[in-house]
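>>> have a look at this fold, sequence not included:
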């Protein structure tokens, strides 16, 4: 299981996460911040729990490329 967490309020809108993992991230046209697709929001932390381990590599690339350091990726 891959667990991805995004602190959306701190997003600076650089688009790197979308470039690295377009199946998990998308930029909002409303405010220019990224959205973690199919995630749940709990107090500003958007979390996606996925049994699909094939997304791990792209999500790790997104985490490393984020200049704001607001993406967390864990394996459970």
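That came in fine, so what should we check first? Source: prediction; values computed, not measured.
>>> neighbours around residue 17, how many?
Look at residue 17: counted by other C-beta atoms under 10 Å, it has 28 neighbours. Where C-beta positions appear, they are placed from N, C-alpha and C, glycine not excepted.
>>> quickly find the element holding it.
helix 16-20 (DSSP states H and E).
>>> what about residue 41, which SS state?
At residue 41 the chain is in strand, as set by DSSP: H, G, I helix; E, B strand; the rest coil.
>>> now do the closest residue to it other than its chain neighbours against residue 73, distance only.
Once flanking residues are discounted, residue 41 sits nearest to residue 8: 7.7 Å by C-beta to C-beta, 6 or more residues apart in numbering. Here residue 8 is placed at a distance of 16 Å from residue 73 (C-beta to C-beta, to the nearest Å).
>>> ditto for residue 6
Applying C-beta to C-beta, the value for residue 6 to residue 73 is 10 Å.
>>> which one's more surrounded, those two?
Shown here are residue 6 and residue 73; by other C-beta under 10 Å, residue 6 has more neighbours (27 against 21).
>>> hang on, the more buried one packs against residue 70?
Yes - the pair residue 6 / residue 70 is scored as a contact, 6.2 Å apart, by C-beta atoms under 8 Å.
>>> what residues of stretch 44-56 count as buried?
Across stretch 44-56, burial judged by 16 or more other C-beta atoms under 10 Å covers 45, 46, 48, 50, 55, 56.
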